[in-house]
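J.: Sharing a model prediction with you, sequence too.
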Amino acid sequence: MQFFLDTANLELIKKYVPWGVVDGVTTNPSLIAKEGVSHEDRIKEIAKVVNGPISAEVIATDYQGMVDEGRRLAKWHKNVYVKLPTTEAGIKALNTLKKDGIRVNMTLVFSTSQALLLAKSKADLISPFVGRLDDISEDGMSLISEIMDVWNQYDFDTKVLVASIRHPRHVIDAAKMGAHVATMPPEVLEKMIKHPLTDSGLAKFLEDHKKSQSK
Ligand code: G3P
């Protein structure tokens, strides 16, 4: 399973790369806007730090606009995956960009029917959003479960990237279902390493060691 960081914050990316678990980065217009930096500069900076897929999302919503913008974004770095919304114009643009040899991550996936169409249209990655489904009292992980059931019947090249992750349980459930990638905010990655029994156990080991030294 691959782990991506879902952030455009360079300092946080630099903080977690030394853990050896960051396989890529996903960004979106909201995450870029939060940083107040140029989209192009930030994607290029991230690509210097992480040697793996870096998703950069288009702003255009019409077919030709997405194709033009996608071609421009793809030139920024060899590891750029162009992120397109899952709309009618988006799936057409996916088809065109794939013919150019550009890698594409289809975003804002909320149903298995969308996922299936995107696999047939040869998306490299699809991003079903689990947290946003939970937010409206649906079950985000049920969507991943159904998508993986379909994927297990065929030999699709398209990877399922679980997005809109809010907590470590989402990551664990995604792993149990065999999802290919989980993209998570840095705070979720941080929570994955923490356990209070690790902290209290270590404190006790050190205390006992100190006592034995003072005898
Ligand atoms: O980058 C796409 C996705 O992970 C966004 O997550 O938390 O804004 O629903 P969120």
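T.: Here it is on my side, so go on.

J.: Which helix or which strand is home to the residue nearest to the spatial centre of the chain?
T.: By C-alpha atoms, centre = their mean, the chain has its centre lying nearest to T183, at 2.9 Å. According to DSSP states H and E, T183 maps onto strand 181-184.

J.: Extract the C-alpha trace of the longest helix along the chain and format it as CSV.
T.: The longest helix of the chain (DSSP state H) is helix 196-213. Output in CSV follows, covering the C-alpha atoms of helix 196-213 (Å, rounded to 0.1, in the frame of the first residue of the first chain):
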residue,chain,number,x,y,z
PRO,A,196,-0.1,6.2,24.9
LEU,A,197,1.1,2.8,26.1
THR,A,198,4.3,3.3,24.0
ASP,A,199,4.9,6.6,25.8
SER,A,200,4.1,5.3,29.3
GLY,A,201,6.1,2.1,28.6
LEU,A,202,9.1,4.1,27.5
ALA,A,203,8.9,6.5,30.5
LYS,A,204,8.8,3.4,32.9
PHE,A,205,11.8,1.8,31.1
LEU,A,206,13.8,5.0,31.5
GLU,A,207,12.7,5.5,35.1
ASP,A,208,13.8,2.0,36.0
HIS,A,209,17.1,2.4,34.2
LYS,A,210,17.7,5.6,36.1
LYS,A,211,16.9,3.9,39.5
SER,A,212,19.3,1.0,38.7
GLN,A,213,22.1,3.5,37.9
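
J.: Not counting it itself, show me its contacts.
T.: Helix 196-213 is contacted by no other residue when judged by C-beta atoms under 8 Å, 6 or more residues apart in numbering. Yep, even glycine has a C-beta here, placed from its N, CA and C like the rest.

J.: Can you list the buried residues in it?
T.: Within helix 196-213, no residue counts as buried by 16 or more other C-beta atoms under 10 Å.

J.: chain center to it: distance?
T.: Relative to the centre of its chain, helix 196-213 is centred 37 Å away, using C-alpha atoms, centre = their mean, to the nearest Å.

J.: Kindly report the same for stretch 149-164.
T.: On C-alpha atoms, centre = their mean, the centre of stretch 149-164 falls 14 Å from that of its chain.

J.: same deal with stretch 176-185?
T.: A distance of 8 Å separates the centroid of the chain from that of stretch 176-185, by C-alpha atoms, centre = their mean.

J.: OK, contacts around E146?
T.: Residues in contact with E146 (C-beta under 8 Å, 6+ apart) are T112.

J.: any idea how far it lies from the ligand?
T.: Going from E146 to the ligand by C-beta to the nearest ligand atom, to the nearest Å gives 19 Å.

J.: tell me which element that residue falls in.
T.: Using DSSP H and E, E146 sits in helix 140-151.

J.: CA atoms only for that helix - export them in PDB, please.
T.: Provided in PDB are the C-alpha atoms of helix 140-151 (Å, rounded to 0.1, in the frame of the first residue of the first chain):
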ATOM      1  CA  GLY A 140     -17.300   6.500   3.100                       C
ATOM      2  CA  MET A 141     -15.600   3.200   3.700                       C
ATOM      3  CA  SER A 142     -18.600   1.200   2.300                       C
ATOM      4  CA  LEU A 143     -17.800   3.000  -1.000                       C
ATOM      5  CA  ILE A 144     -14.200   1.800  -0.900                       C
ATOM      6  CA  SER A 145     -15.400  -1.700   0.000                       C
ATOM      7  CA  GLU A 146     -17.700  -1.800  -3.100                       C
ATOM      8  CA  ILE A 147     -15.100  -0.300  -5.400                       C
ATOM      9  CA  MET A 148     -12.500  -2.900  -4.200                       C
ATOM     10  CA  ASP A 149     -15.100  -5.700  -4.700                       C
ATOM     11  CA  VAL A 150     -15.400  -4.600  -8.300                       C
ATOM     12  CA  TRP A 151     -11.600  -4.200  -8.800                       C
END
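
J.: Sweet, I'm off.
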